[in-house]
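# coordinates only, sequence not included:
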Ligand SMILES: [Zn+2]
């Protein structure tokens, strides 16, 4: 999870919503995929951290099936990513904090271990949850502050006299 958090922090530095993901190859313990959210940069609605990490991992093993792998992500995966996790046959999903607005592993849906689907992943939630949530909270607080400052400046410019020295 520390590595996933590092990916999230790198995303924040690039003005992307900070979500990070790594994929661990269980038999060797090696990280074979890394991903950070790059939706803005790539102008791609599917450029979530999990998707990027899974693509890299599949390239690494040379196959789309990632059975012997654990996906570790800072925020609970959304429906798209949870679906991709099932499609990739990921063995285990570990995530930090829940996502009340899009969480599809526990919060809104339980896609990763729904018995009706053809694959179920083991799910572990709440790993370093507070730290994972903090990275997101700080990012949005900073954004709000930047917006408020911009509005203040705009208002200042519209108040007669404030620009004059
Ligand atoms: Zn997603």
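That came in fine, so what should we check first? Remember, it's a predicted structure, so these values are computed and weren't measured experimentally.
# My read is that residue 72 contacts residue 90, right?
No. Look at residue 72 against residue 90 with Cβ atoms under 8 Å: they stay out of range, at 10.5 Å. For the C-beta atoms, the positions are set from N, CA and C on the backbone; glycine is no exception.
# if I look at those two, which residues touch both of them?
Common contact partners of residue 72 and residue 90 (Cβ atoms under 8 Å, 6 or more residues apart in numbering): residue 23.
# you'd agree residue 94 is in a strand?
Yes. Counting by DSSP: H, G, I helix; E, B strand; the rest coil, residue 94 is part of a strand.
# Test my guess that it contacts residue 69.
No. Using Cβ under 8 Å as the test, residue 94 is too far from residue 69 to be in contact (11.1 Å).
# Which of those two has more residues huddled nearby?
residue 69 (28 against 20; other Cβ atoms under 10 Å).
# That one bridge partners, please.
residue 25 (DSSP bridges).
# Count residues in the vicinity of residue 66, would you?
Applying other Cβ under 10 Å, we find 26 other residues in the vicinity of residue 66.
# Surely it touches residue 54?
Yes. Using Cβ under 8 Å, residue 66 is in contact with residue 54, at 6.7 Å.
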